[in-house]
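[1] my questions are about this predicted structure, shown below with the sequence.
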Amino acid sequence: MAIVIIRQDNKIDLWKNALLKADASLKVYSYLEEHPKDEITMAIIWKHPNGTLSEYPNLKCIASAGAGVDYIFEDDTRPKNIPITRIVDPYLASDMSEHVLAVILAHLKNLNAYKIKQIAHTWEPMEYLRIKDLTVGILGLGELGALSAKDLTHHGFKVQGWSRSKKIINGVITFSGQKEQSDFLTSTDILVCLLPLTPATEGILNEQLLKQLPKNAYVINVARGGHLVDEDLLKLLETGHLSGACLDVYHTEPLPTTHPFWSHEKIHMTPHYASVSDTNSVIPQLIENYKRLESGEQLHHLVDKEKGY
Ligand code: NDP
Ligand code: OXD
C-alpha cells in the first residue's frame, strides 16, 4: 500500500512532509518522481492533470485535498468504481466564515471604494450600511455555509440560508428546494454562494436568479467560478441592480488578465484563497481513511457520486 500526491501547484513537498511527519512509516510519493504505480492505493489530489488517476491499477480511493470535488467529476478518465473522499475540517470552515465576515464588513463600510478613491487622491465620504438593517442569505448550508451562517448571527446580522434539504440552525431562517428559492432571494441583501459545483448548480448565479434580489444587493461568490454567469453579473452591475460583488473563484484560474473583472470598480477580487486546507489539521483524517482502506472499514467524508458533492 502506498500514497501518491497529485497536484500542479508547488505544494507537493509540503503535503508529503506533513504526511511523513505524522507517520514516518507511510510510503508517500509525488506523482512526478519514479514510483511503483501498482503499489498506490490512495491518491491525495488537488486539481490533478486529467488522465493521471488512470495510471494506478490498484487505486482504492481518490481523496480530494480540499472540500470541493467538482474537478474530479470533470475528469472523465478517472476510475469510476472507487470511493471519493473530501476534506471536512474545522479550520476550513472557520477560515471561510472569517473571510465572509471580512468581505461583508468591507462592503458595509465602503472600504474598497475608499481604496480606489485614495489612489485617485479623492476625499469623498460615502453613506455606510448597518449590520442591523441587513439580511445575509447563504446559498448552501453544508459544512462551510452553516458555520458562516451561525457566526454571522453572533455579529447581529439577520441570516437566512438555502439548501437542497431542510436544515435547522439556531437563529437562522432556512429555506430549501426550488419552491422556496424565490422567498429566500427576495429577502436577501447580501448573497453568499457556498454551494458545491454540480450539474444542478452550474450557472446558478445568473440574471434570472440575481434579479430576484432587492435593488442594491451585494453578491459574494466563494464557491466556484462555474456558479456565476460572468456576463449576467456585469450586466446587473451596469444597470445598478446590484451594488457590487466580491469574487474569490473564477471560470479560469488564474483569471486571464484581459477579463473585465480585473478593472471593474464594483468588483472586489481575491485569488481563490478564502479558505485553504491546513495540512497539519487535515492530515490525521487522511491517514485515518488510509488505515480504514487497509482494514476495509467505511471511509469518512465520502462524496455522494449521485449528487456530485
Ligand atoms: P457541503 O457539501 O458540506 O455543503 C453543500 C451545501 O450545498 C449543502 O447544504 C447542500 O444541501 C447544498 N446544495 C448542494 N446542491 C444543492 C442544490 N442543487 N440546491 C440547493 N442546495 C444544494 O460543502 P462545503 O460546505 O464543505 O463546501 C461548499 C463549497 O465551497 C465546496 O464545494 C467548494 O466548491 C467551496 N469551497 C471554496 C473554498 C475557497 O477557498 N473559495 C474553500 C473550500 C470550499 P444539502 O445539505 O441538502 O445536501
Ligand atoms: C476547496 C477549495 O474546495 O479550496 O477546498 O476551494
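    Structure's in. What do you need? Ligands and ions are numbered 1, 2, ... in the order given.

[2] quick one: contacts for the residue minimising distance to the centre of the chain?
    For the chain, Ala223 is the residue whose C-alpha lies nearest the centre (CA atoms, centre = their mean; 3.5 Å). With contact taken as CB atoms under 8 Å, 6 or more residues apart in numbering, Ala223 is in contact with 68, 139-140, 193-197, 249. The C-beta positions use only the backbone N, C-alpha and C, and glycine is treated the same way.

[3] please report the distance of Thr41 from Leu293.
    According to CB to CB, to the nearest Å, Thr41 and Leu293 sit 6 Å apart.

[4] between those two, what contacts are shared?
    Counting by CB under 8 Å, 6+ apart, the shared contacts of Thr41 and Leu293 are 1, 60-61.

[5] for whichever residue of the stretch 101-250 of the chain sits closest to ligand 1, grab phi and psi.
    Minimum separation of the stretch 101-250 of the chain from ligand 1 (CB to the nearest ligand atom) falls at Gly142, amounting to 1.6 Å. Dihedral pair for Gly142: phi -90, psi -150, per degrees, to the nearest 10.

[6] now the contacts of Ala223 in CSV, with pLDDT?
    Converted to CSV, those look like this (pLDDT from 0 to 100):
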residue, pLDDT
Gly68, 98
Leu139, 99
Gly140, 99
Cys193, 99
Leu194, 99
Leu195, 99
Pro196, 99
Leu197, 98
Val249, 98
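
[7] got the contact list for the residue of the chain most remote from its centre?
    In the chain, Trp123 marks the outermost C-alpha relative to the chain mean, sitting 36.3 Å out by CA atoms, centre = their mean. Neighbouring residues of Trp123 by CB under 8 Å, 6+ apart: Lys117.

[8] go ahead and confirm the residue of the stretch 101-250 of the chain closest to ligand 1 touches Leu194.
    Yes: between Gly142 and Leu194 there is a contact under CB atoms under 8 Å: 7.2 Å.

[9] who's more crowded, those two?
    For Gly142 versus Leu194, the count of surrounding residues by other CB atoms under 10 Å is larger for Leu194: 28 against 19.

[10] any idea how far the closest residue to Ala18 other than its chain neighbours is from ligand 1?
    Nearest non-adjacent residue to Ala18, counting by CB to CB, 6 or more residues apart in numbering: Thr279, 3.9 Å away. Applying CB to the nearest ligand atom, to the nearest Å, the value for Thr279 to ligand 1 is 15 Å.

[11] number of nearby residues for Thr279?
    If we define neighbours as other CB under 10 Å, then Thr279 has 18 of them.

[12] would you mind naming what in the chain lies close to ligand 2?
    66-68, 276-277 (CB under 6 Å from any ligand atom).

[13] would you list those residues in JSON lines and tack on neighbour count?
    Listed next are those as JSON lines, based on neighbours: other CB atoms under 10 Å:
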{"residue": "Gly66", "neighbour count": "18"}
{"residue": "Ala67", "neighbour count": "22"}
{"residue": "Gly68", "neighbour count": "17"}
{"residue": "Val276", "neighbour count": "15"}
{"residue": "Ser277", "neighbour count": "21"}
